[in-house]
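S.K.: Quick check, what structure comes out for this input:
(chains A and B)
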2 protein chains.
Amino acid sequence: MDRAEAEALDRTDPLAAFRVRFHVGDTGGAIYMDGNSLGRPAEEVEAAISAAVIEWERRLVGGWEEWIDLPARVGDRLGRLVGAAPGQTLVCDSTTLNLYKVVSAAVAHQPGRREVLAVTDDFPTDRYVLQSIAEGRGKKLRLVDGTEDAIEAALSERTAVVCLSHVHFTTGRRLDGARITTAAQEHGALVIWDLAHSAGAVPVDLDGWGADLAVGCTYKYLNSGPGAPGFVYVAQRHHGRLRQPIWGWFGQADQFEMGERYEPAAGIRSYLTGTPGIIALRAVDAAIGVTEEAGLERLWAKSQALTDLLIERIAARLIPLGAQLATPTGSRGAHVSVRHPEAWRWCRALIEGELVIGDFRPPDVIRLGPAPLYTRFVDCFDAVDRMAATLEAGLERIDPGKGRVT
Amino acid sequence: MDRAEAEALDRTDPLAAFRVRFHVGDTGGAIYMDGNSLGRPAEEVEAAISAAVIEWERRLVGGWEEWIDLPARVGDRLGRLVGAAPGQTLVCDSTTLNLYKVVSAAVAHQPGRREVLAVTDDFPTDRYVLQSIAEGRGKKLRLVDGTEDAIEAALSERTAVVCLSHVHFTTGRRLDGARITTAAQEHGALVIWDLAHSAGAVPVDLDGWGADLAVGCTYKYLNSGPGAPGFVYVAQRHHGRLRQPIWGWFGQADQFEMGERYEPAAGIRSYLTGTPGIIALRAVDAAIGVTEEAGLERLWAKSQALTDLLIERIAARLIPLGAQLATPTGSRGAHVSVRHPEAWRWCRALIEGELVIGDFRPPDVIRLGPAPLYTRFVDCFDAVDRMAATLEAGLERIDPGKGRVT
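M.R.: Sure, this is the predicted structure:
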């Protein structure tokens, strides 16, 4: 493949027109390959935030008549992007907090089983939440390799809960959601899916998989802003059976009765806790609208084509320079990672040189997330060229400095 | 007092100039007496939200180099408003979630004590969080009257934790923070203060009281927006001793090392959990700036004068019509409440008639929160007149309808 072929792909890209709505100029600056860490704002999202501020100013406390339903309404809309029928998804709190709620609920529901199963190198917050709950409840946290075979082999009648990232945050490996869900349930375990690196880019079919519980993030492919709220899914059949531990006034059955005893609200609303951030919810709502307009099918098709191109160019340009592809060529998500012994300095050189913005992930990975809403094929082509040129120029002069935060 | 006297107070009000910055016109519409439920946006806050969106758009993931410190930086700034030296306060998550963290930490730290002490009619989320933790840990939740004497009488060597609102959400009764803190600690209990109805309007001196733990809210007198994040305070001496249960990547000692085991960060940062909402934090930061500019001393002086006027006018106009003052004339916060058997219909009539926006609180209270940054003395005067006229006109025609949410 040469650059002209990448340009040709851009010319026929049905999503090409979305790019200008994300304030992406042809300015010759760094190529942003970090949409899987923090997505860009669309014009519609910026407008929604401004409108929410005006709404606050004008409606004041009366705005709550409408705002009170936003976590569930935006949740239903988000649910459609991950295969969840209405009434099972909320947008609220953070991914970490939502994970804490559902892991706690699931573990408490399985008192006779002592193992919590997860993947050795899964995202830190997932492992830490699992640690805290496992230690607090006298369970054993069992960590295994992140392959379907390894996970299935570890399942037993001792397994209380399995908690897995659908798409792995470093490698981009994508697990078979239906297969693992079925296998775990055959052993009587509950399955929790972390959809942080899937929602908005990768097909997910929670209801179709028969999933039990899920959480995810809206600031990556869903472009809702830094620290935008997370989401939580609880399958209908678990409503009223599983119970999350953080009892707050938004999860109370009759919130404004302010009754003496906590009685969990019916349905998914019992997973609400404190007062939800309304401006942030308006942003998520608008951002979902942009994703709906593009259509998940087209986003996934483009995402696969972008990562195909990346993988081909990595093979052509970076592997000869000592890098390795860290992402499976088979079942993968919407990002691609490369390993290199000097990944940390390499990533710094790319960022400081205003060449490519990617993510370093310890110990030796650079992660490239070409968000399909606003990333071009030539961006992927050029990014790999710049990465190659940076390696060729040598990394000795790069100060390893202090950690960069992404 | 007549209306001319109220006008005279407005003419000499040193904070009068702040009102226009809150988009409050002299439009003859409803008088907003609900700043203790949801504060108004200042121009500076709106500008900060717009700037945060631009910052997201331009800096993208690189913004985290600065954003990562915002919960602690804005926390330190908020801490100064509640008497907390730097390094003890974070702005993050919601009040409910922060309460869950500190109650859990405090209860776990007192394994030999079986009582959790709180006030019978305290704010629902506080009671529900305490219920969930007490039930989960086999503790007894003991509820007592909300007076200093009743609380002190209930303290014993069985008391693990005392959790109290500094200013009561319904009555506005203000507890003696120093006295209760000392008394509880003499019995070996840990004290948690909920400052939701204090922060930004009422003097609080956490370090001076020798407080252990506190939480609070930024969307009331701190005017940071609907569902803006809460705050949490943990006294320096408890850092590294108490441990909160929600282990997330933002509370990890070396977050981007992404190490295998959770190791809580030093100091207050171990009370962080998931990714904080950055746009909301920028709003809180700007809102605190407005409060700092006004000065807490002047805000408290004006607040007392406003509530003095309300109390006088309630005595003159509403008590003859069958209402009662629900707020102590002595130690109180920044809002005033009245009881009336028809409070629900009365509150609806006032809102639907675009007369006065206050809060109904079950079973029979209307709450008036004249936020000192943007409420005039004539507003308080007129609000009571309108409340009287509404009662005089009779409430029979008012449809009790569906609950209003505030």
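
S.K.: near chain B, which residues of the stretch 1-150 of chain A show up?
M.R.: Contact residues, the stretch 1-150 of chain A versus chain B (Cβ under 8 Å from any Cβ of the partner chain): A:23, A:32, A:34, A:37-38, A:40-41, A:46, A:49-50, A:53, A:56-57, A:60-65, A:67-68, A:93-97, A:100, A:123-125, A:127-129, A:131-132, A:136. (Each C-beta comes from the backbone N, C-alpha and C, glycine too.)

S.K.: do you know how far residue A:259 is from residue A:169?
M.R.: Distance, residue A:259 to residue A:169, by Cβ to Cβ, to the nearest Å: 42 Å.

S.K.: got it, and residue A:266?
M.R.: Separation of residue A:266 from residue A:169 (Cβ to Cβ): 34 Å.

S.K.: try residue A:305
M.R.: Noted for residue A:305: a distance of 22 Å to residue A:169, by Cβ to Cβ.

S.K.: between these two, which one's more packed in?
M.R.: When neighbours are counted by other Cβ atoms under 10 Å in any protein chain shown, residue A:169 comes out ahead of the other of residue A:305 and residue A:169, with 27 against 16.

S.K.: so what's the more buried one up against?
M.R.: Contact partners of residue A:169, counting by Cβ atoms under 8 Å, 6 or more residues apart in numbering or on different chains, are A:122, A:123, A:196, A:197, A:361, A:367.

S.K.: Where neighbours are concerned, which of these has the most?
M.R.: The contacts of residue A:169, ranked by neighbours (other Cβ under 10 Å): first place residue A:197, 28 neighbours.

S.K.: That residue contacts residue A:170, doesn't it?
M.R.: No - the criterion here is Cβ atoms under 8 Å, and residue A:197 misses it with residue A:170 at 9.7 Å.

S.K.: Which residue is the nearest non-sequential neighbour of the residue in chain A sticking out farthest from the centre?
M.R.: When each C-alpha in chain A is compared with the mean C-alpha position (Cα atoms, centre = their mean), residue A:260 comes out farthest, at 37.9 Å. Nearest residue to residue A:260, sequence neighbours excluded (Cβ to Cβ, 6 or more residues apart in numbering or on different chains): residue B:127, at 7.4 Å.

S.K.: Now do that neighbour against residue B:153, distance only.
M.R.: 20 Å.

S.K.: And these two? Which one has more around it.
M.R.: Neighbours were tallied for residue B:127 and for residue B:153 using other Cβ under 10 Å; the higher tally belongs to residue B:127 (24 against 12).

S.K.: Enumerate every residue touching that one.
M.R.: The contact partners of residue B:127, by Cβ under 8 Å, 6+ apart, come to A:260, A:262, B:118, B:143.

S.K.: 10 Å instead, please
M.R.: By Cβ atoms under 10 Å, 6 or more residues apart in numbering or on different chains, residue B:127 lies in contact with A:247, A:249, A:258-262, B:118-121, B:141, B:143, B:163.

S.K.: mind giving me JSON lines with those residues and columns for distance to residue B:332, secondary structure and pLDDT?
M.R.: What follows is these, written out as JSON lines (distance: Cβ to Cβ, whole Å; DSSP: H, G, I helix; E, B strand; the rest coil; pLDDT from 0 to 100):
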{"residue": "A:247", "distance to residue B:332": "29", "secondary structure": "coil", "pLDDT": "96"}
{"residue": "A:249", "distance to residue B:332": "23", "secondary structure": "helix", "pLDDT": "94"}
{"residue": "A:258", "distance to residue B:332": "21", "secondary structure": "coil", "pLDDT": "79"}
{"residue": "A:259", "distance to residue B:332": "26", "secondary structure": "coil", "pLDDT": "82"}
{"residue": "A:260", "distance to residue B:332": "25", "secondary structure": "coil", "pLDDT": "85"}
{"residue": "A:261", "distance to residue B:332": "29", "secondary structure": "coil", "pLDDT": "89"}
{"residue": "A:262", "distance to residue B:332": "28", "secondary structure": "coil", "pLDDT": "93"}
{"residue": "B:118", "distance to residue B:332": "20", "secondary structure": "strand", "pLDDT": "98"}
{"residue": "B:119", "distance to residue B:332": "16", "secondary structure": "strand", "pLDDT": "97"}
{"residue": "B:120", "distance to residue B:332": "19", "secondary structure": "coil", "pLDDT": "95"}
{"residue": "B:121", "distance to residue B:332": "16", "secondary structure": "coil", "pLDDT": "93"}
{"residue": "B:141", "distance to residue B:332": "26", "secondary structure": "strand", "pLDDT": "97"}
{"residue": "B:143", "distance to residue B:332": "22", "secondary structure": "strand", "pLDDT": "97"}
{"residue": "B:163", "distance to residue B:332": "20", "secondary structure": "strand", "pLDDT": "98"}
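
S.K.: Now for those: which two are most distant?
M.R.: Largest separation among the contacts of residue B:127 by Cβ to Cβ: A:259 and B:163, giving 18.5 Å.

S.K.: For the stretch 151-300 of chain A, which residue gets nearest to chain B?
M.R.: In the stretch 151-300 of chain A, no residue comes nearer to chain B than residue A:274, which is 3.0 Å away by Cβ to the nearest Cβ.

S.K.: Retrieve the pLDDT associated with that residue.
M.R.: Confidence at residue A:274, expressed as pLDDT, is 97.

S.K.: Quick check: it touching residue B:228?
M.R.: No - the criterion here is Cβ atoms under 10 Å, and residue A:274 misses it with residue B:228 at 11.1 Å.

S.K.: so how far is residue B:101 from the residue of the stretch 151-300 of chain A closest to chain B?
M.R.: 12 Å.

S.K.: Stretch A:88-99 spans what distance, first to last residue?
M.R.: Using Cα to Cα, to the nearest Å, the end-to-end distance of stretch A:88-99 comes out at 15 Å.
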